[in-house]
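In: heads up, no residue letters with this:
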């Protein structure tokens, strides 16, 4: 039987936590005595009647001190003490032996078992209390030390966790900033400079980038040493853009093979003839960090520094930076490839347009010659008109292709002038009327009563309306209705082209202005086209500060394309409006005017010669630059129609030399060529051309230019 005695009148759980005191004795009267003596200590006194009971209690409770009777039946005090010491929890618990008598051998055995003292009975209360109080205080102090140690450990863990969290935040912020900086540019040199900005001085003292060239050789493409105050040097400006030192190259190959960052002794970047380029002082290690794009090696980031720069924790950070750098370098490489491919595509489109326009020019000229001939056979008239319409259609497709390419490069600009709405609509209708008439469709034009003016490019705005009218005609059946309407409200002009044709599927409507998008992709679709007309419309409208939208209630319900542009009402000061296009003037040469046609495509030159002769001019042909200059000296033409893409000497060079010849110094030079991009027009102007006309030429416009340049006394054959 065991009991826990608490002093009467003392509140349980005072300011200090009570500790347990174990009293082990087989006599009940001794328990009463010890309980009364220890009552003044205000602790929990636990009583055990035997050694076995004491052993059970120490398994359940923790004691500050044990008072153990030596002489007990069953298990005596010495044996009980020995068993108590075998438990880890009580191996250091103080034991006070209580005995009526103790011989020397028993005392030695007691101390050997870990007894701290012997108390003889009858006990002196003050002595017993003082000794027990000492052990209670020691126990309480030990407990406090343990609590403080736990608190210190918790505080240390908290500080370590806070420090780790701060390090993780700094690491995350560093890597986030690295990702942001690396994603700012898609230029390889800029990416290398940014990589240096990230790596130095955070990761190393000196950094270099080595990339694999087209031949598989590793070359230093970037270098920065902040200790010398130098800015990063990259790309073609890097004087050290050369093959790496063989030892460093081998180290990069090994790191690439292992796909891991390798630490090697300081290695030279390169070796010059007869001398070596040393590294700065203090460099103790080199970190070779391979750069990959998937499984394809790009090269390596080389970091030079002291050993503490490449400790384990920092190596993981370097690995993260290298991973991001690899992605950025690969993106820059891919972007460069895309840019190069885009440039090649634009060059191809320009060349394609030139090659397509060359055969179109003689066909167009031949059609014009046939128009000047009285054809009696209706079949021949029909065939001539079919050829003419298809040439016009092919010319528009070539122009659209080139416009898309120019928009992609951002090289389309508008030349704004004050335009009358009525004149603009008249120009667009004039361009689209042959197609609408051929399909026997009815076109209605609804314009506001007020005179409205627009700030815009006449050519581009008429191209917008003409594209919309042609599109409406193409997707509207024969005898269908097409309406070109305009309304002015406030400072905005709203224009629309609507038809009662096949309409647009609601699922396709959001993509109607996408490049190359077509609603009907079937092989047996009734309408051809490249799917770029509405894309051009959208871009051109936005260049004029406007917006464009498409509406349709669905298939077979018609379509409406509406656009809005800034505009205002015309005032008296606006009239007369600036001329937007010189109207065709029938050529009336005062005598026989000499015209030299220079074109390496004989069919184009021959048809142009026949056409000019049918208009009353004297024409001669040259097929290359040298023969053109010789003909200029002999023939002394007033007008030269000159192709740009000539064999040997190109048209620009021929024009420049003609401007130096007295026979053609003042001649009218017209570039008639398949090259219609802005660069060719600028070069034509610099070379001395008066006009740049794209094949197949608008014959009426070309003849009007020639006619206006002719003076009655010039170029007469004598």
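Out: Nice, thanks for sending it over. Predicted model only: the values in this text are computed from it and were never measured. Numbering: from 1, shown residues only.
In: distance of the residue positioned nearest the centre of the chain from residue 298?
Out: Note on the chain: the residue nearest the mean C-alpha position is residue 183, at 6.6 Å, using CA atoms, centre = their mean. Residue 183 sits 17 Å away from residue 298, going by CB to CB, to the nearest Å. For glycine as for every other residue, the C-beta is placed from the backbone atoms N, C-alpha and C.
In: over to residue 481?
Out: Applying CB to CB, the value for residue 481 to residue 298 is 61 Å.
In: those two: who's more crowded?
Out: With neighbours defined as other CB atoms under 10 Å, residue 481 and residue 298 compare such that residue 298 has more, 20 against 15.
In: doesn't the more buried one belong to a strand?
Out: Yes. Per DSSP: H, G, I helix; E, B strand; the rest coil, residue 298 lies within a strand segment.
In: quick one: contacts for it?
Out: 211-212, 291-292, 326, 329-330, 333 (CB atoms under 8 Å, 6 or more residues apart in numbering).
In: what packs against the helix of greatest length in the chain?
Out: When the chain is parsed with DSSP state H, its longest helix is helix 312-371. Helix 312-371 is packed against helix 125-182, helix 188-199, strand 285-293, strand 296-305, helix 378-409, helix 602-614, strand 668-673, helix 699-709, with contacts defined by 3 or more CB pairs under 8 Å, 6 or more residues apart in numbering; DSSP states H and E.
In: next, the angle helix 188-199 makes with that helix.
Out: Comparing the axes of helix 312-371 and helix 188-199 via axes from the mean of the first three to the mean of the last three CA atoms, to 10 degrees yields an angle of 160 degrees.
In: domains in this protein, by residue range?
Out: 3-147, 183-310, 413-574, 594-709 (automatic domain parsing).
In: span of the last one from start to end?
Out: Right, domain 594-709. 12 Å (CA to CA, to the nearest Å).
In: and for residue 446, the neighbour number?
Out: 11.
In: so what's it up against?
Out: With CB under 8 Å, 6+ apart, residue 446 has these contacts: 483-486.
In: which other helices and strands contact the strand or helix carrying residue 652?
Out: Residue 652 belongs to helix 651-658 when elements are defined using DSSP states H and E. If contacts are counted by 3+ CB pairs under 8 Å, 6+ apart, helix 651-658 sits against helix 625-635, strand 639-642, strand 668-673, helix 678-687.
In: which strands and helices sit next to the last one?
Out: What it means is helix 678-687. By 3+ CB pairs under 8 Å, 6+ apart, helix 678-687 packs against helix 651-658, strand 691-694.
In: then the shortest one?
Out: In terms of contacts (3+ CB pairs under 8 Å, 6+ apart), strand 639-642 is packed against strand 594-598, helix 625-635, helix 651-658, strand 668-673, helix 699-709.
In: residue 566 is nearest to which of the ones you listed?
Out: helix 699-709 (29.6 Å; CB to CB).
In: what residues sit buried inside that closest one?
Out: 699, 701-707, 709 (16 or more other CB atoms under 10 Å).
In: could you pull out the strands for the stretch 451-600 of the chain?
Out: With strands called from DSSP state E, counting those that start in this stretch, the stretch 451-600 of the chain shows them at 452-456, 481-489, 492-499, 547-551, 559-566, 568-569, 594-598.
In: tell me the most buried of those?
Out: strand 594-598 (a mean of 25; mean count of other CB atoms under 10 Å).
In: quick one: strands adjacent to that strand?
Out: strand 618-622 (parallel), strand 639-642 (parallel) (DSSP bridges).
In: just give me how far the last one sits from the chain centre.
Out: In terms of CA atoms, centre = their mean, to the nearest Å, the centre of strand 639-642 is set 49 Å apart from its chain centre.
In: same check on stretch 177-193?
Out: With CA atoms, centre = their mean, you get 11 Å for stretch 177-193.
In: buried set for it?
Out: Quick answer for stretch 177-193 (16+ other CB under 10 Å): 178, 181-182, 185-193.
In: check stretch 549-558 too.
Out: 550, 552, 558.
In: adding distance to residue 513, write those out as TSV.
Out: Shown next, in TSV, are those (distance: CB to CB, whole Å):
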residue	distance to residue 513
550	7
552	13
558	18
